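*Asks:* Give the three-dimensional model of this entry:
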Amino acid sequence: LFQIYDCEAEKSAYEVAQKLCSGTPSSPKEYDENRHVNDATDDSTDYILEAANSWWAEILKTEENLYNSTVNANFANMLWDSREKLGCAIAKCGKTHVVCHYPKIEKEEGEPIYKMGDGPCNDCKDYSDAPNCKDNLCSAKA
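*Replies:* Presented below is the predicted three-dimensional model:
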């Protein structure tokens with residue numbers, strides 16, 4: 001599914017990242033969340049890519065395309081097939097905190113993270129919110 005950047009999710013992620021700096025983190029109930037911490041405080045934006053790569057690497061611990069909250073929760077947040085939006089933020093305060101928020105969806109242990117299609121966009125009609133094909137992904141917009 002083609003994802004859309006969500007400024008409200010970014011704002012929420014930024015608020016959590018700032019709270020991590022003050023030592024009072026809390027996560028809003030309306031979002032699923034990924035967090036990553038790096039000890040560096042320079043101005044590099046490479047830490048966003050580092051965070052995404054660390055979350056993506058969870059697939060290496062997953063033998064099948066099945067959700068396991070203790071093994072691949074971050075990967076699942078990024079790739080869940082009905083996930084449509086995300087927003088991320090960074091806060092630097094002695095460390096670099098990367099936080100991404102995704103509007104909450106239902107996830108059950110052992111449930112497939114994504115549905116395998118027969119080819120690019122063949123199953124878009126199955127997604128009422130994303131029936132169009134864009135860049136070989138199902139999308140809400142044509």
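*Asks:* Mind jotting down where the helices sit in this protein?
*Replies:* Along the chain, counting by DSSP state H, helices occupy 7-22, 46-56, 73-79.
*Asks:* Which one, of those, ends up nearest to residue 106?
*Replies:* Across those, residue 106 has its closest neighbour in helix 73-79 (11.9 Å, C-beta to C-beta). From N, CA and C alone the C-beta is placed, and that goes for glycine too.
*Asks:* so what's residue 6 up against?
*Replies:* 85, 86, 87, 101, 103 (C-beta atoms under 8 Å, 6 or more residues apart in numbering).
*Asks:* so what pLDDT did it get?
*Replies:* Per-residue confidence for residue 6 comes out at a pLDDT of 95.
*Asks:* State the distance from it to residue 14.
*Replies:* As judged by C-beta to C-beta, to the nearest Å, residue 6 and residue 14 stand 12 Å apart.
*Asks:* centroid residue for the chain?
*Replies:* residue 78 (3.2 Å; C-alpha atoms, centre = their mean).
*Asks:* number of nearby residues for the residue nearest to it when sequence neighbours are not counted?
*Replies:* Spatial nearest neighbour of residue 78, chain neighbours left out: residue 55 (5.7 Å); criterion: C-beta to C-beta, 6 or more residues apart in numbering. Neighbour count for residue 55, taken as other C-beta atoms under 10 Å: 22.
*Asks:* Same question for residue 59.
*Replies:* 16.
*Asks:* which residue packs closest to it, ignoring adjacent ones?
*Replies:* residue 75 (5.3 Å).
*Asks:* what's near enough to touch the one you found?
*Replies:* Contacts of residue 75 (C-beta under 8 Å, 6+ apart): 55, 56, 57, 58, 59, 62, 113.
*Asks:* Type out the PyMOL command that picks the buried ones from those.
*Replies:* Typed into PyMOL, the line below selects the buried ones among the contacts of residue 75, using 16 or more other C-beta atoms under 10 Å:
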select buried, resi 55+58+59+113
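*Asks:* right, and the pair among the contacts of residue 75 with maximum separation?
*Replies:* 57 and 113 (14.8 Å).
*Asks:* Can you pull out the low-pLDDT segments for the protein?
*Replies:* Residues of the chain that meet the criterion pLDDT under 70 lie in 1-2, 117, 129, 141-142.
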